[in-house]
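S.K.: Let's see this in three dimensions:
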Amino acid sequence: MSDRVDARFEQLILPHLDAAYNLARWLTRNTHDAEDVVQDACVRALKYLGAFHGTDARAWFLAIVRNACYDWFGRNRPAEIAPGDATEVIDLAVDPGALTPEQALLRNAEAQVLADAIAALPVGFREVLVLRELEELSYKEIARIVDIPIGTVMSRLARARGLLQRSPLLRAIGERSARGQQ
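M.R.: Below is the predicted model:
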């Protein structure tokens, strides 16, 4: 590998490793799996770096990370890849019987409860939520990364937020907050 390629990789890709790991961790829901996915994505990015002529290296690299995640899902957890936008699994995504409000109240931190609720979302919804809310990408950038129309990004984001609102985990936090304000 030439020094020129090394320097370009360092300049374009390395600044986005945290975002790549964050996306992979949220999608795979496992730190070790996320590390494997990001490593695979880095190898892919290095391999195809010569083909990148755009101006948004972050979106390009996160698209590679997303594709690496889906390839990893295909090899390791094929059942998690729902067809289309997973509309048919919306009502099954958050099982109201999975946790009672009392169990949710026993959780140590509200942040962990939110993380659990996000992790329970189908991967198609989880990825747009993470890219928008945690990585603060625009709808246009998300559409490029996920390779879907902007309208679908907005729809999936709305559905993800709706699922979070219906989450028994988050309802328990809301109930606890309401009791604390009385």
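S.K.: Which residue is the nearest non-sequential neighbour of Arg25?
M.R.: Spatial nearest neighbour of Arg25, chain neighbours left out: Ala34 (3.9 Å); criterion: C-beta to C-beta, 6 or more residues apart in numbering. Bear in mind the C-beta positions are built from the backbone N, C-alpha and C, glycine included.
S.K.: How is the protein partitioned into domains?
M.R.: Here the domain parsing of the chain from automatic domain parsing is 1-81, 82-182.
S.K.: For the spatially closest residue to Val130 that is not a sequence neighbour, give me the pLDDT.
M.R.: Nearest residue to Val130 in three dimensions, chain neighbours excluded: Trp26, at 4.4 Å (C-beta to C-beta, 6+ apart). Model confidence at Trp26, expressed as pLDDT, equals 92.
S.K.: can the domains of the chain go into a markdown table with extra columns for mean neighbour count?
M.R.: Formatted as a markdown table, the domains of the chain follow (neighbours: other C-beta atoms under 10 Å):
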| stretch | mean neighbour count |
| --- | --- |
| domain 1-81 | 16 |
| domain 82-182 | 16 |
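S.K.: circling back: please report how far the residue nearest to Val130 lies from Gln165.
M.R.: Distance of Trp26 to Gln165, given as C-beta to C-beta, to the nearest Å: 19 Å.
S.K.: ditto for Leu49
M.R.: Leu49 sits 41 Å away from Gln165, going by C-beta to C-beta.
S.K.: again with Ala57
M.R.: Distance of Ala57 to Gln165, given as C-beta to C-beta: 35 Å.
S.K.: if we can go back for a sec, tell me the secondary structure of the residue nearest to Val130, please.
M.R.: Following DSSP: H, G, I helix; E, B strand; the rest coil, we place Trp26 in the helix state.
S.K.: That one against Leu134, yeah?
M.R.: Yes: taking contacts as C-beta atoms under 8 Å, Trp26 lies within contact range of Leu134: 7.3 Å.
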